[in-house]
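Quick one: sequence plus predicted model below, questions after.
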Amino acid sequence: MEAFSRLLDDLYFTNSNLAKETILSNYLRATPDPDRGWTLAAIAGTLRFDLFKRNVIKSLMQERMDPFLFDLSRDYVGEMSETVALAWPQSDSPVRLNRLPDLADVIDEFQSRDKAGIRDYLIMLLDNMTPAQRWALLKLGTRGLRIGMSARTVKRTLANMKSVPLDDIEKLWHGLEPPYENLFAWIDGRAPKPDMSGVLTYSPVMLAHPIEDKDFDRISPDTHQAEWKFDGIRVQISAGQSGVKVFSRKGDDISHSFPDLVDAADFNAVIDGELLVKPGGEIGRFNDLQQRLNKKKPSKKLMEQLPAHIMAYDILSLNGEDLRKLPLSERRIHLASLTADQNPDRFSMSEKLNFKTTDDLTALREEAAQTGGLIEGLMIKDKSSLYVPGRPKHGWYKWKRDPFLLDAVLMYAQRGTGKRSSYYSDYTFGLWNEEDKLLPIGKAYFGFTDEELKEIDKWIRNHKLARFGPVQEVEKELVFEVAFDSAHESARHKSGYALRFPRIHRIRWDKPAAEADRLTAIAALIGA
């Protein structure tokens, strides 16, 4: 645990990605199994369990510190784990350790204990740790680790350790489980490469670049195809003799949330596409899909009301043959043949949109904007493009419709976390109803510059009203132009509506709050 803590401290205060890779590589070479495998899982975000819950940490701290003072401290610091790590008091505990247990022993101990035992063990560790070690434990235990190192950087570190292409590690990664002892045995040269035959695994997806004006010169109907960009979530469905799995864009296995889709997949292939739901046989809004996401065991009624559907737009393999090195035009032929044999209620192939000129593409993009958020815009793809993980240059473009805009009034503010813990940077804003009352419509915490943040923070401090814990109510005078991708009805919000992906587009210092938009603007947007 001591080595794990030192590693996190080194990585957290290192900015260079190359330096981070060197630090991690040195740690992995010097650390035995299974500690290094658990470390890898923690950093890459593949740890699938919590060692303890956040409310356990909070209750322990409130027993040792005045709850009001703790709340104030957490509000000031901006993050609970760091607050507890710094404020945990010296203890007269009779349990004194000569050295902290190894990381693997800590994980095993937490997993073998009941709730009371977890609590006792956590206290013992925190009593024997330095603030940096406490922070590392608390972040590990709640899977809240954020040290500026992506999963892809972790994989690249492993590839460099073995002197193999990154793609070799990618092909193995999602078929293996922490603590990755067979992976390290291969990297160390003690065992052959892990056998992935028959294992349903995930392949990193191909991504698109936002289109720029100069890109249109290279686009023509002879060289490119256009498709709708639907507002679902990107998934990869892998099916074969050993079963069916649905992976999210990040490679998380979400099959348990979509058993209706798993049961319907009757093929031996890997398909890339957009996961949607079709209430009443029509493509639903993202809000409909959200009701299916993260459900560990969706009810039969929910699956009947919101049946899952894949809008397929690419195919990576078919009957064991890797198709990624074929051009898109040929992959589409294979995809068309496969989807034609599937249940059309569950699988369909994205249509190619007709266009001849840039003006035609512009008209299609405008058509997408008229769907109220059902379609985000266009995908424009080079017909000769191979399927390459990441964002290959000039392969695929995305041309999203312009965001929807509303003028909303700032109602509440909260301090941010980390570097923003000293500033009010989280903003709740509202629109006027028919009775000229402001009702909250959303929350945003980005879209402004550092200088604008300082200006807003100063304004908030000079226009305070009531305070509700960490939430500061302000005078209803400042207007934000808020951008968002879509809106939907929501019984959970007092206004009756919620926004998807809201962000601050512009600060309207010049606009009177009385002239901000009304809830009827959202009703008109979604056709309510």
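Structure received.

Off-centre distance for stretch 69-85?
Distance of stretch 69-85 from its chain centroid, counting by CA atoms, centre = their mean, to the nearest Å, is 25 Å.

Please apply the same query to stretch 469-481.
Distance, stretch centre to chain centre, for stretch 469-481: 28 Å (CA atoms, centre = their mean).

for stretch 153-161, same thing?
Distance of stretch 153-161 from its chain centroid, counting by CA atoms, centre = their mean, is 22 Å.

Can you give the contact residues for it?
With contact meaning CB atoms under 8 Å, 6 or more residues apart in numbering, stretch 153-161 is reached by 17, 20-21, 24-25, 28-29, 40, 43-44, 165-166, 168-170, 173, 183, 187. Placement of C-beta: from N, CA and C, glycine included.

now the residue of the chain most remote from its centre: how far from residue 84?
For the chain, the largest distance from the centre (CA atoms, centre = their mean) belongs to residue 94, which lies 42.9 Å off. Distance from residue 94 to residue 84, counting by CB to CB, to the nearest Å: 22 Å.

what do you get for residue 344?
Residue 344 is 53 Å from residue 84, where distance means CB to CB.

more crowded one of these two?
Under the criterion of other CB atoms under 10 Å, the comparison of residue 344 against residue 84 puts residue 84 first, with 25 against 10.

returning to what we had before: part of a strand, is the residue farthest from the centre of the chain?
No. Read with DSSP: H, G, I helix; E, B strand; the rest coil, residue 94 is coil and lies in no strand.

how near is it to residue 413?
Residue 94 is 46 Å from residue 413, by CB to CB.

Secondary structure element for residue 407, which one?
strand 404-415 (DSSP states H and E).

Which neighbours in the sheet does that strand have, and how are they oriented?
strand 424-432 (antiparallel), strand 471-474 (antiparallel), strand 479-484 (antiparallel) (DSSP bridges).

Now that strand: average pLDDT?
For strand 404-415, mean pLDDT rounds to 93.

List the buried residues in it.
Within strand 404-415, the residues scored as buried using 16 or more other CB atoms under 10 Å are 404, 406, 407, 408, 409, 410, 411, 412, 413, 414, 415.

out of everything not next to it in sequence, what's closest to the third one?
Pointing back at residue 407 there. In space, and not counting its chain neighbours, residue 407 is closest to residue 516: 4.5 Å by CB to CB, 6 or more residues apart in numbering.

For that neighbour, list the residues it contacts.
407, 408, 409, 431, 432, 479.

for residue 184, same thing?
With CB under 8 Å, 6+ apart, residue 184 has these contacts: 28, 33, 36, 37.

Just the closest of these to residue 284, please.
Taking CB to CB as the measure, residue 284 lies nearest residue 37 of these, at 40.5 Å.

which SS state does that closest one fall under?
Look at residue 37: counting by three-state DSSP, its state is helix.

when you give positions from now on, start the count at 10
All set: I'll call the first residue 10, so the last point we hit is now residue 46.

To what extent is it buried, counted in neighbours?
When neighbours are defined as other CB under 10 Å, residue 46 has 23 of them.

so who does it touch?
With CB under 8 Å, 6+ apart, residue 46 has these contacts: 187, 188, 189, 190, 192, 193.

mind running it again at 10 Å?
37, 40, 112-113, 185-193 (CB atoms under 10 Å, 6 or more residues apart in numbering).

Apply the buried test to those and list what passes.
37, 40, 112, 113, 185, 187, 188, 189, 191, 192, 193.

three-state assignment of the fifth one?
This points to residue 185. Per three-state DSSP, the secondary structure class of residue 185 is coil.

for the stretch 110-259 of the chain, what spans make up the strands?
With DSSP state E, counting those that start in this stretch as the criterion, the stretch 110-259 of the chain has strands at 218-219, 233-239, 242-249, 252-257.

who does the first one pair up with?
Taking DSSP bridges as the criterion, strand 218-219 sits next to strand 405-409 (parallel) in its sheet.

ok, the residue nearest in space to the middle of the chain to residue 59 distance?
Against the mean C-alpha coordinate of the chain, by CA atoms, centre = their mean, the closest residue is residue 259 at 7.7 Å. Counting by CB to CB, the gap from residue 259 to residue 59 is 18 Å.

Show me the shaky parts of the chain.
Residue ranges of the chain with pLDDT under 70: 536-537.

quick one, what contacts residue 478?
Neighbouring residues of residue 478 by CB under 10 Å, 6+ apart: 77, 80, 81, 84, 423.

do that again at 7 Å, thanks
Residues in contact with residue 478, defined by CB atoms under 7 Å, 6 or more residues apart in numbering, are residue 80.

those helices in the stretch 410-537 of the chain, which residues are they?
In order along the chain, the stretch 410-537 of the chain carries the following helices (DSSP state H, counting those that start in this stretch): 459-470, 528-535.

highest average neighbour count across those helices?
Neighbour counts (mean count of other CB atoms under 10 Å) averaged over each of these peak at helix 528-535, with a mean of 16.

From the contact counts, what lies against that one?
Packing contacts for helix 528-535, counted by 3 or more CB pairs under 7 Å, 6 or more residues apart in numbering; DSSP states H and E, involve strand 495-498.

so what strands line up beside the strand it packs on?
Strand 495-498 is paired, per DSSP bridges, with strand 506-509 (antiparallel).

Please state the offset of the partner strand from the chain centre?
That offset, for strand 506-509, works out to 18 Å (CA atoms, centre = their mean).

quick one: contacts of it?
With CB under 7 Å, 6+ apart, strand 506-509 has contacts from 295, 450, 451, 493, 494, 495, 496, 497, 498, 499, 528, 531.

what do you get for stretch 19-36?
By CB under 7 Å, 6+ apart, the list of residues contacting stretch 19-36 from outside reads 16, 156, 158, 162, 165, 166, 169, 170.

ok, now with 10 Å
Contacts of stretch 19-36 (CB under 10 Å, 6+ apart): 12-13, 15-16, 44-45, 48-49, 52, 141, 144-145, 148, 154-159, 162-163, 165-167, 169-170.

picking that back up, so which of the buried residues of strand 413-424 is the closest to residue 461?
Nearest member of the buried residues of strand 413-424 to residue 461, counting by CB to CB, is residue 419, at 13.0 Å.

residues in contact with residue 384?
Contacts of residue 384 (CB under 10 Å, 6+ apart): 237-240, 292, 373-374, 376-378, 409-410, 495.

CSV for those, including neighbour count?
CSV is the format used below for the contacts of residue 384 (neighbours: other CB atoms under 10 Å):
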residue, neighbour count
237, 22
238, 22
239, 23
240, 24
292, 21
373, 21
374, 19
376, 15
377, 20
378, 16
409, 17
410, 20
495, 22
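
could you give the angle of the strand holding residue 416 to helix 459-470?
Strand 413-424 and helix 459-470 meet at an angle of 70 degrees, taking axes from the mean of the first three to the mean of the last three CA atoms, to 10 degrees as the criterion.

could you check the angle helix 528-535 makes with strand 413-424?
130 degrees.

Tabulate the CA atom coordinates of strand 413-424 in PDB.
In PDB, the C-alpha atoms belonging to strand 413-424 read as follows (Å, rounded to 0.1, in the frame of the first residue of the first chain):
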ATOM      1  CA  PHE A 413     -30.000  24.800 -28.900                       C
ATOM      2  CA  LEU A 414     -29.700  28.100 -27.000                       C
ATOM      3  CA  LEU A 415     -31.800  29.600 -24.200                       C
ATOM      4  CA  ASP A 416     -31.300  32.600 -22.000                       C
ATOM      5  CA  ALA A 417     -31.600  31.500 -18.400                       C
ATOM      6  CA  VAL A 418     -31.300  33.200 -15.000                       C
ATOM      7  CA  LEU A 419     -28.600  32.100 -12.500                       C
ATOM      8  CA  MET A 420     -30.400  30.900  -9.300                       C
ATOM      9  CA  TYR A 421     -27.800  29.000  -7.200                       C
ATOM     10  CA  ALA A 422     -24.100  28.400  -7.200                       C
ATOM     11  CA  GLN A 423     -21.700  25.900  -5.600                       C
ATOM     12  CA  ARG A 424     -17.900  25.900  -5.200                       C
END
